[in-house]
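> What follows is a protein structure lacking sequence information:
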């Protein structure tokens, strides 16, 4: 849950012209998990977000999924990941095949279910509420 906050803080610092060692470290760390292509990233003013739109959707939905996992009385199922991945897989596939142009907002929204579902599974597993089936 700290990673989305760190991403937001680093982007805020960059957007306000106050990049710090913290912001630089976050952008560098994010580059190891995200391509950070400018045309596939949101911008705050002239500052590019530390991750692309799709990664932003994954990471920003994770805290919601984590909280939901703790609140749910029922078990979290691995099959939910497959269902939650459909929007991301569909947008990625359409884009990769050159069949449809996909914008950043669509990439972001399509990734939200997957980010929440993965966090639900991870936190549910840690809390003993998951069934891997």
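In hand now; what should we look at? This is a predicted model, so every value here is computed, not measured.
> Can you list the buried residues in the longest helix along the chain?
Counting residues, the longest helix found in the chain (DSSP state H) is helix 104-126. For helix 104-126, a neighbour-count test (16 or more other Cβ atoms under 10 Å) marks 104, 106-125 as buried. C-beta coordinates here come from the backbone N, C-alpha and C atoms, glycine included.
> and the residue nearest the centre of the chain, what are its phi and psi?
By Cα atoms, centre = their mean, the chain has its centre lying nearest to residue 58, at 1.8 Å. Main-chain dihedrals, residue 58, degrees, to the nearest 10: phi -60, psi -50.
> any idea how far it lies from residue 99?
Remark: distance between residue 58 and residue 99 (Cβ to Cβ, to the nearest Å) = 23 Å.
> Same question for residue 8.
33 Å.
> neighbour-wise, which of the two wins?
residue 8 (17 against 9; other Cβ atoms under 10 Å).
> host element of the more buried one?
In the assignment (DSSP states H and E), residue 8 maps to helix 2-15.
> following that helix, which helix or strand comes up?
Following helix 2-15 in sequence, per DSSP H and E, is helix 21-31.
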